[in-house]
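Asks: sequence plus predicted model, see below.
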Amino acid sequence: SPRVLSGIQPTADSFHLGNYLGAVRQYVAMQEGYDAFYCVVDLHAITVDYKPELLRRRSRVAAAQLFAAGLDPERSTVFIQSHVREHTELAWILICLTGMGEAGRMTQFKDKSAKYGETSAGVGLFTYPILQAADILLYQANQVPVGADQKQHLELTRDLAQRFNHRFGETFTLPEPYIVKGVEKITDLQDPTAKMSKSSSSPAGILDLLEEPGPLRKKVMRAVTDTGSEILFDEENKPGIANLLRILSALTGTPIPELETRYAGQGYGTFKKDVAEAVAVAFTPIRERTEKLLADEAGLDKMLAAGAAKARAVAAETMEKVRDRAGFLPTL
Ligand code: AQP
């Protein structure tokens, strides 16, 4: 069966609704019909300021959330990126194949480095998409489930794979982005034209997977909407309502036109209450399972060790080919 790989960063105390709808829920769905590899990308998380103790905790929380959301260790390989050393090794080789201009065109780098100032952003942040390319290519992934923000990085990954294959011989599978329409960009509740983001959204703009129903409801009720009263999907003039419609549709499986009809003439209050309810219903079991998994740290670490062993076997096989084709002497 085709292979899928995706990574998610442990850069916050919880994943948010955008991560869930844009990525994690797809991970779970793709266990069916795919040979699935999912990693918590802790090496990516250190490309911005961080604290070791916090990274350790967040890596476990992220892994627990993946299992809690429905990833089954029997069917998917779930692991911590830094447990498989080949990621950094391949990243270095790919870095040496990447042009400065090519890397400099990445919009995520431009966005994320802006807050540090042009010269003080880390080189790691600059090479972030190349490490991501290594993650994907190591597993010879065919599909990569991501949000719309990652499309450009996928293109770079394909370019690097093609360049390596061309220069050194057919080695890597060319991956395709797997972007689910409708949920590729969930926006901030307080700033509905910006993406909901772990690092750049204010707490009021984010719905965290580990939040209790009370605060979740409050945030949805306070979500920014326009001054009208109609529930219509109009991205341009009503971005806040459009976002809430997308969320309700994704969580309940009801098409947006049907929701527009259902809420015609009802005003924002009832609609928002239903969105809040749908979010609470989706998040509560995930939160409860996450708490249970985190209560048994040793058990969780064992699941991750088993995942790393499976991942390593695949990564090692790719790296052996890569080293040979790129001209490195074998070790005896
Ligand atoms: N708002 C979003 N809507 C849809 N998908 C989203 N993703 C992120 N935000 C949204 C998808 O979630 C996956 C994991 O993302 P990541 O951990 O690599 O970090 P990110 O994409 O950079 O997301 P954040 O929340 O903005 O994190 P920070 O602030 O740490 O950078 C990806 O597949 C992404 O597309």
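Replies: That came through, no problem.
Asks: what count of nearby residues applies to Ala308?
Replies: 20 (other CB atoms under 10 Å). Bear in mind the C-beta positions are built from the backbone N, C-alpha and C, glycine included.
Asks: Ile319 reaches Trp92, doesn't it?
Replies: Small correction: residue 319 is Met, not Ile. No: using CB atoms under 8 Å, Met319 makes no contact with Trp92, being 11.3 Å away.
Asks: which one's more surrounded, those two?
Replies: Higher neighbour count among Met319 and Trp92: Met319, with 21 against 12, using other CB under 10 Å.
Asks: look up the closest residue to that one, ignoring the ones flanking it.
Replies: Glu86 (4.6 Å; CB to CB, 6 or more residues apart in numbering).
Asks: measure the one you found to Ala309 for me?
Replies: Distance of Glu86 to Ala309, given as CB to CB, to the nearest Å: 13 Å.
Asks: neighbour count winner among those two?
Replies: Set side by side, Glu86 and Ala309 show more neighbours around Glu86, with 21 against 13, by other CB under 10 Å.
Asks: what sits against that one?
Replies: The contact partners of Glu86, by CB atoms under 8 Å, 6 or more residues apart in numbering, come to Leu138, Arg312, Ala315, Ala316, Thr318, Met319.
Asks: apply 10 Å and report the result again.
Replies: Applying CB atoms under 10 Å, 6 or more residues apart in numbering, we find Glu86 in contact with 134-135, 138-139, 311-312, 314-320, 322.
Asks: ok, now Leu259?
Replies: By CB under 10 Å, 6+ apart, the contact set of Leu259 is Ile231, Phe233, Leu244, Leu245, Arg246, Leu248, Ser249, Thr252, Phe271, Asp274, Val275.
Asks: count the neighbours of the third one for me.
Replies: Other residues near Leu244 come to 28 when the count uses other CB under 10 Å.
Asks: can you name the residue of the stretch 1-150 of the chain nearest the ligand?
Replies: Closest contact between the stretch 1-150 of the chain and the ligand, by CB to the nearest ligand atom, is at Gly22 (2.0 Å).
Asks: you'd agree that residue is in a helix?
Replies: Yes: the assignment for Gly22 is a helix, going by DSSP: H, G, I helix; E, B strand; the rest coil.
Asks: next, count neighbours for it.
Replies: So Gly22, with other CB under 10 Å, has 25 neighbours.
Asks: relative to Val183, how far out is it?
Replies: Gly22 sits 5 Å away from Val183, going by CB to CB.
Asks: which bits of the stretch 51-200 of the chain sit near the ligand?
Replies: 146-147, 149-150, 184-186, 195-200 (CB under 6 Å from any ligand atom).
Asks: mind putting those into TSV with secondary structure?
Replies: Converted to TSV, those look like this (three-state DSSP):
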residue	secondary structure
Val146	coil
Gly147	coil
Asp149	helix
Gln150	helix
Glu184	coil
Lys185	coil
Ile186	coil
Lys195	strand
Met196	coil
Ser197	coil
Lys198	coil
Ser199	coil
Ser200	coil
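Asks: now, of the residues you listed, which are buried?
Replies: Val146, Gly147, Asp149, Gln150, Glu184, Lys185, Ile186, Lys195, Met196, Ser197, Lys198 (16 or more other CB atoms under 10 Å).
Asks: between Met319 and Trp92, which contacts overlap?
Replies: By CB under 10 Å, 6+ apart, the residues touching both Met319 and Trp92 are Ala134.
Asks: quick one: mean pLDDT for stretch 231-245?
Replies: The pLDDT scores in stretch 231-245 average 95.
Asks: sorry, slip of the keys, the one I care about is stretch 3-13.
Replies: 96.
Asks: residues of it that come out buried?
Replies: Neighbour counts over stretch 3-13 (16+ other CB under 10 Å) mark Arg3, Val4, Leu5, Ser6, Gly7, Ile8, Gln9, Pro10, Thr11, Ala12 as buried.
Asks: so the third one belongs to a helix, correct?
Replies: I take that to be Leu5. No: judged by three-state DSSP, Leu5 forms no part of a helix; its state is strand.
Asks: contacts only, for the residue lying closest to Phe168 once chain neighbours are set aside.
Replies: Nearest-residue entry for Phe168: Arg325, 4.1 Å, with adjacent residues in sequence omitted and distances by CB to CB, 6+ apart. Going by CB under 10 Å, 6+ apart, Arg325 touches Ile93, Phe164, Asn165, Arg167, Phe168, Gly169, Glu170, Thr171.
Asks: out of those residues, which one sits closest to the ligand?
Replies: Nearest to the ligand, judged by CB to the nearest ligand atom, of the contacts of Arg325 is Ile93 at 22.3 Å.
Asks: which SS state does that closest one fall under?
Replies: Applying three-state DSSP: Ile93 is helix.
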